[in-house]
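Q: Give me a 3D structure for the following:
(chains A and B)
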Amino acid sequence: MIWILDITLLFFLVVCAIAAISIKDLLSSIIILSAYSLIMAIVWVEMHSVDVGFTEAAVGAGITTVLFIATLARTEGRSED
Amino acid sequence: MSGILDIVYAEYNYWIYVTLMMIGFYAMIAKKNLIKKVIGANIFQTAIFLFYISLSDVTGGTAPILMGGHGGEHAADVIYTNPVPHVLILTAIVVAVSTTAVALALIIRIYNEYGSLDEDVIRAARRELQPEFSEHARQKSVAEVSEQ
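A: Below is the predicted model of the structure:
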């Protein structure tokens, strides 16, 4: 575990989480959530849990984003908060 | 004092995990938009995964793949990280994506019914459609029950 890489990634994780819940445009929010999942996958590979890492990259960053965007296509894209 | 600071530095993964969990919890409670609530739930779930993976990490350990397997020279003095939490989280990721899919399906259904994703608008529309659920009627029924 390289601690400076770990701290940088965890810092970006918190930034992405705060941005994902505070941006009003839902599409941007979902894309930031996808970036959050990808950073999380890198953190896990860096912590030597490679199987969880690539599952998160495929399922968390891939399928979840597709599901969210499919929902957004059937509803509205703006949020009041 | 330095003992506390040592804990803060050494266990920074756990501090980040608690921070992320609280961010997700805040979104689930305080945000009015239903999709924002699901995003908050996702952040909450991944924070708990981060806790488990941090728990399984061993100092100086390597990925839990057998060194010198497949007929090679077997290395006895290799330290591996604990693979049991990894397997737990592997199932939990799949459960997380399933719950997200169910929540989003319900959101589409709610949008088709009420034409909005805002919690307050949905509650107001529901009160209009079904007056028996309104606050006044509920208080009246509570008063009736207490009279009996």
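Q: Please give me every residue in contact with the residue nearest the centre of chain A.
A: Computing the C-alpha centroid of chain A and ranking residues by Cα atoms, centre = their mean puts residue A:36 first, at 2.4 Å. With contacts taken as Cβ atoms under 8 Å, 6 or more residues apart in numbering or on different chains, residue A:36 has the following neighbours: A:13, A:16, A:17, A:20, B:43, B:46. To be clear about C-beta, it is placed using only N, CA and C from the backbone, and glycine gets the same treatment.
Q: Recalculate using a threshold of 10 Å.
A: Contacts were defined as Cβ atoms under 10 Å, 6 or more residues apart in numbering or on different chains; by that measure residue A:36 touches A:12-17, A:19-20, A:60-61, B:20, B:39, B:42-43, B:46.
Q: Tell me where the model's unsure across chain B.
A: Low-confidence segments of chain B, defined by pLDDT under 70: B:1-2, B:7-10, B:69-75, B:131-138, B:140-141, B:148.
Q: Same check on chain A?
A: Regions of chain A meeting the criterion pLDDT under 70 cover residues A:1.
Q: What segments of it are helices?
A: Under the criterion DSSP state H, chain A carries helices at the ranges A:3-22, A:26-46, A:50-55, A:64-74.
Q: what about the last one, distance to the chain center?
A: Right, the one you point to is helix A:64-74. Averaging C-alpha positions (Cα atoms, centre = their mean, to the nearest Å) puts helix A:64-74 14 Å from its chain's average.
Q: Check the first one too.
A: Per Cα atoms, centre = their mean, the displacement of helix A:3-22 from the mean C-alpha position of its chain is 10 Å.
Q: For stretch B:55-64, measure first residue to last.
A: 14 Å (Cα to Cα, to the nearest Å).
Q: Which residues are in contact with residue 13?
A: Looking at chain A here, since you left the chain open. The contact partners of residue A:13, taken as Cβ under 10 Å, 6+ apart, are A:35-37, A:39-40, A:42-43, B:16-17, B:19-20, B:23, B:43, B:46-47, B:50.
Q: Chain B was what I was after
A: Contacts for residue B:13 (Cβ under 10 Å, 6+ apart) come out as A:1, A:6, A:7, A:10, A:43, A:47, B:50, B:51, B:53, B:54, B:55, B:57.
Q: Repeat the analysis, applying 8 Å as the threshold.
A: Shown in contact with residue B:13 (Cβ under 8 Å, 6+ apart): A:6, A:10, B:50, B:54.
Q: and which of those residues is nearest to residue B:83?
A: Using Cβ to Cβ, residue B:54 comes nearest to residue B:83 of the contacts of residue B:13, at 14.5 Å.
Q: secondary structure element for the closest one?
A: Counting by DSSP states H and E, the element that carries residue B:54 is helix B:34-56.
Q: between that helix and helix A:3-22, what angle do the directions make?
A: Between the axes of helix B:34-56 and helix A:3-22, defined by axes from the mean of the first three to the mean of the last three Cα atoms, to 10 degrees, the angle is 160 degrees.
Q: Many thanks, I have nothing further to ask.
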